[in-house]
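Peer 1: Provided below for reference: sequence and predicted model.
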Amino acid sequence: MKPLLIFFLLIGQFSIAQSLNLESKTPLGADRFIGVDNYKNTYFIKDRVLNKRGADGNFKFNDLQLGRITSVDIINPLKVVVFFQDTNTVVLLDNKLSEIQRISFNNLPQFLNVSTATNAGSNSLWVFNVDTQQLELYNYGSKLQTVVSQPFPGKLVSQASNFNYCFTLTEKKLRAFNIYGSILNEAPSEEYEKIVQQNENLIALKENTLYYIPDFAKRNGDKPRETVKLDVAEMNIKDLQLTNDLLYIYDGKYLHIFSLTIPKN
């Protein structure tokens with residue numbers, strides 16, 4: 001029985017180890033890697049300038065007066081969301097990185113002090129209100145705010161979102177919300193340092209190790225699926241993105257592209 005047990009353990013370990021397959025590795029000179037959009041354009045920041053490179057050409061955006069770029073959301077390549085926390089401002093860009101609209105949260109009728117701003121679709125942004133410690137939806141078309149969450153204890157460490165869900169990581173909790181303001185799931189933060197999302201799924205970074213968290217945007221009553229530790233070659237994980245079952249990892253010199261196949265439970 002012991003040899004048989006060892007055989008099945010090895011098979012299980014092999015399945016997890018094979019969950020990532022390296023597709024390509026290309027050099028990239030960037031201060032920060034942002035991601036690759038659905039049209040295979042690559043976005044990165046170099047010397048405080050946002051760059052977009054792809055088959056249609058190379059484009060740049062910068063406004064040094066707004067400070068350093070805090071985050072860039074490329075989920076909609078026709079409306080890229082660039083957030084500058086230093087000046088509490090969002091700039092919306094088109095597919096050539098030309099400015100469409102500028103939103104200064106300082107100048108709103110009801111002042112908003114935010115630490116995150118990502119695309120929620122339908123002319124809305126997921127924003128985290130620093131003063132109230134709450135997740136909100138801000139509609140920049142109607143200029144209306146909708147509170148999504150109760151106040152969060154602790155510091156917001158990372159936020160990841162799409163048009164349906166917003167995932168928040170604090171020092172104590174990992175949570176998932178929908179656009180209607182319902183909390184779908186929450187779990188201990190496990191000391192994760194950063195999260196990225198694809199649909200209902202997450203990948204979390206902790207001590208240069210990656211963990212795949214499937215179906216996290218499910219209600220607490222549903223049977224949870226197990227977190228899978230992803231086996232990647234030893235590399236410095238500087239930035240990462242998960243999209244279309246591809247995992248992009250930037251190590252500071254090279255952009256590694258992995259296909260992601262998670263063992264079925």
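Peer 2: Everything's here; your move.
Peer 1: who's in contact with stretch 192-200?
Peer 2: Residues outside stretch 192-200 that contact it (Cβ atoms under 8 Å, 6 or more residues apart in numbering): 157-162, 164-165, 167, 169, 174, 176, 202-207, 211, 214-218, 240-245. The way it works is simple: take the backbone N, C-alpha and C, and place the C-beta from them, glycine included.
Peer 1: PyMOL command to pick out the buried ones of those?
Peer 2: Here is the PyMOL command that picks out the buried ones among the contacts of stretch 192-200, judged by 16 or more other Cβ atoms under 10 Å:
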select buried, resi 157+158+159+160+161+162+165+167+169+174+176+202+203+204+205+211+214+215+216+217+240+241+242+243
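Peer 1: what's the neighbour count on L260?
Peer 2: In terms of burial, L260 registers 18 neighbours under the definition other Cβ atoms under 10 Å.
Peer 1: also N236?
Peer 2: Counted by other Cβ under 10 Å, the residues lying close to N236 total 10.
Peer 1: pLDDT value on it, please?
Peer 2: We have a pLDDT of 94 for N236.
Peer 1: quick check on the residue lying closest to it once chain neighbours are set aside: phi, psi?
Peer 2: Setting aside the residues directly before and after it, N236 is nearest to D251 in space (Cβ to Cβ, 6 or more residues apart in numbering), at 4.7 Å. Taking degrees, to the nearest 10, you get phi -100, psi 10 for the backbone angles of D251.
Peer 1: how about N51?
Peer 2: Backbone dihedrals for N51, given as degrees, to the nearest 10, come out at phi -120, psi 140.
Peer 1: and L64, by the same measure?
Peer 2: In this entry, L64 is assigned phi and psi values of phi -60, psi -20 (degrees, to the nearest 10).
Peer 1: contacts only, for it.
Peer 2: R48 are the contacts of L64 under Cβ under 8 Å, 6+ apart.
Peer 1: same check, this time on T42
Peer 2: Contacts of T42 were listed using Cβ under 8 Å, 6+ apart, and they are 28, 35-36, 52-54, 255.
Peer 1: out of those residues, who's nearest G121?
Peer 2: Sorting the contacts of T42 by how near they are to G121, with Cβ to Cβ, puts G35 at the top with 17.2 Å.
Peer 1: do you know how far the closest residue to that closest one other than its chain neighbours is from L112?
Peer 2: Of all residues beyond its chain neighbours, the one nearest G35 is Q241 (3.9 Å), with distances taken as Cβ to Cβ, 6+ apart. In this structure, Q241 and L112 are separated by 27 Å, where distance is defined by Cβ to Cβ, to the nearest Å.
Peer 1: can you give me the helices for the protein?
Peer 2: Remark: helices of the chain, listed N- to C-terminal, are 2-17; assignment by DSSP state H.
Peer 1: all set now, cheers.
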